[in-house]
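A.B. asks: A structural model of the following input is requested.
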Amino acid sequence: MGLTPAQHQLLLAVRGHRGSQGPTVSEVAEHLLLRRHSVVGLINRAVAGGLVTRSSDPEDHRVVRLRLTKLGERRLEQLSALHLEELRRLAPRLRPVWKGLD
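C.D. replies: Prediction:
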């Protein structure tokens, strides 16, 4: 899909945010267990790639909120479909760990 694993994690963090507004940079950094400056670089690349947008919080203009673009949404959906397909393909070969412990 042309995404790095870190970009995929970023898109998941933005999409999975529970608030009605998009997550802040700090919230994404906390979710990804990364330092804020590392996340800013990741966000810069995602914005340049058309995957994410930044906007000022309407109540506090010092706060930056993130949202997925239509392209970001599509890429995330495509990756999710590929991952589900791979899991379905591998499912017959997988066995629960606890069955081997009997």
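
A.B. asks: how about the helices in the chain?
C.D. replies: 5-15, 25-32, 36-48, 70-90 (DSSP state H).

A.B. asks: what's the closest of the ones you listed to Val63?
C.D. replies: Closest approach to Val63 among the helices of the chain (CB to CB): helix 25-32, 8.5 Å. For glycine as for every other residue, the C-beta is placed from the backbone atoms N, C-alpha and C.

A.B. asks: so for that closest one, what's the average pLDDT?
C.D. replies: Averaging pLDDT along helix 25-32 yields 95.

A.B. asks: That one packs against which elements?
C.D. replies: In terms of contacts (3 or more CB pairs under 8 Å, 6 or more residues apart in numbering; DSSP states H and E), helix 25-32 is packed against helix 5-15, helix 36-48, strand 64-68.

A.B. asks: quick one on the thing from earlier: which stretch among the helices of the chain comes nearest Pro58?
C.D. replies: helix 25-32 (16.4 Å).

A.B. asks: Just the buried positions in that closest one, please.
C.D. replies: Residues of helix 25-32 classed as buried: Val25, Glu27, Val28, Ala29, His31, Leu32 (neighbour count, 16 or more other CB atoms under 10 Å).

A.B. asks: Now distance to Arg88 too, for those, in JSON lines please.
C.D. replies: Output for the buried residues of helix 25-32, formatted as JSON lines (distance: CB to CB, whole Å):
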{"residue": "Val25", "distance to Arg88": "36"}
{"residue": "Glu27", "distance to Arg88": "33"}
{"residue": "Val28", "distance to Arg88": "30"}
{"residue": "Ala29", "distance to Arg88": "34"}
{"residue": "His31", "distance to Arg88": "28"}
{"residue": "Leu32", "distance to Arg88": "28"}
